[in-house]
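Asker: Return a 3D structure for these sequence lines:
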Amino acid sequence: MATRSLARELALLVLGQVSDQKPIAMADLAMDSVLEKALESLMQHWRESLDSSASELEQAQQTLLDSELKGDASAGMPTSRDHLRSCLTMAEQVLNGLSASLELPRLLMLGDQEQIRHGAMERVSCVLDKRDRIDAELDLVMEGWRLSRLPRLDRDILRLAVVDLRDLGTPAPVAFSEAVELANRYSDEQGRRMINGVLRRFHDAASKAVG
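Answerer: This next block holds a predicted model:
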């Protein structure tokens, strides 16, 4: 995996440890501290995903039980299938993400650690310094949605992509591709579609404003 991609992924995970209300200075953190914060963010994310998966499973079980008590077990089958499908999707996402997170420390150790750390912290600093402006601009292209309603990781993927496009001079196709790749690892199908669509509208609006 390229140094830039590793720096972007590390930045995403570090941002997950920064409160929206009380950002902290992390520019001088050593790589082991950065990695520790990244892994803490991942573990929290996967715990929340597993909790959601367990909730979907409980709802499926309760729906079937309610249907049986009413004497029509088949009535609850469609709803139960939906809950089970959602449960399996989240469980698969957790397994894929855990696999990726176990690979991350090894990739970081094999790469240019100082360059990766610097790239990650540069992105984190850009997001924290300009977050209000970035969020306001993203809200303008959300089409009936609000950025604040997205999962934290999805919000940070979008914020990092905006920094790539506007502050780091990353070509739009590369920024889109990298953002979708992060979504493949840490979000779901709906999140991937949302992120891709929002970024394209953001880029189109920015291009028209310049033109």
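Asker: Excluding chain neighbours, give the residue nearest to the residue positioned nearest the centre of the chain in space.
Answerer: Centroid-nearest residue in the chain: L153, 2.8 Å away (criterion: CA atoms, centre = their mean). Closest residue to L153 apart from its sequence neighbours, by CB to CB, 6 or more residues apart in numbering: Y186 at 4.9 Å. Heads up, the C-betas are built off the backbone N, CA and C, glycines and all.
Asker: Surely the one you found and L12 touch.
Answerer: Yes. The pair Y186 and L12 qualifies as a contact (CB atoms under 8 Å) at a distance of 7.2 Å.
Asker: Need the overlap of contacts for the two.
Answerer: Common contact partners of Y186 and L12 (CB atoms under 8 Å, 6 or more residues apart in numbering): L153, I157.
Asker: residue contacts, the spatially closest residue to R81 that is not a sequence neighbour?
Answerer: Nearest residue to R81, sequence neighbours excluded (CB to CB, 6+ apart): A60, at 7.9 Å. The contact partners of A60, by CB under 8 Å, 6+ apart, come to T79, S80, R81, H83, L84, C87.
Asker: so how far is V94 from A60?
Answerer: 17 Å (CB to CB, to the nearest Å).
Asker: ok, now D135?
Answerer: From D135 to V94 the distance is 28 Å (CB to CB).
Asker: how about stretch 160-180 as CSV, C-alpha atoms only?
Answerer: C-alpha atoms of stretch 160-180 as CSV (Å, rounded to 0.1, in the frame of the first residue of the first chain):
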residue,chain,number,x,y,z
LEU,A,160,-10.2,14.1,4.4
ALA,A,161,-11.2,13.9,0.7
VAL,A,162,-12.0,17.6,0.8
VAL,A,163,-8.6,18.3,2.2
ASP,A,164,-7.0,16.1,-0.5
LEU,A,165,-8.8,18.0,-3.2
ARG,A,166,-8.4,21.5,-2.0
ASP,A,167,-5.3,21.7,0.2
LEU,A,168,-3.1,18.9,-1.0
GLY,A,169,-3.7,19.2,-4.7
THR,A,170,-4.7,15.5,-5.1
PRO,A,171,-6.4,14.9,-8.6
ALA,A,172,-10.1,14.4,-8.3
PRO,A,173,-10.2,10.8,-9.6
VAL,A,174,-7.5,9.8,-7.1
ALA,A,175,-9.3,11.6,-4.2
PHE,A,176,-12.6,9.9,-5.2
SER,A,177,-10.9,6.5,-5.5
GLU,A,178,-9.1,6.7,-2.2
ALA,A,179,-12.2,7.9,-0.4
VAL,A,180,-14.3,5.0,-1.8
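Asker: mean confidence for it?
Answerer: Stretch 160-180 shows a mean pLDDT of 93.
Asker: Can you list the buried residues in it?
Answerer: Neighbour-count burial for stretch 160-180, counted by 16 or more other CB atoms under 10 Å, picks out 160-166, 170, 172, 175-176, 178-180.
Asker: and the residues you listed as CSV, adding secondary structure?
Answerer: Below are the buried residues of stretch 160-180 laid out as CSV (DSSP: H, G, I helix; E, B strand; the rest coil):
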residue, secondary structure
L160, helix
A161, helix
V162, helix
V163, helix
D164, helix
L165, helix
R166, helix
T170, coil
A172, helix
A175, helix
F176, helix
E178, helix
A179, helix
V180, helix
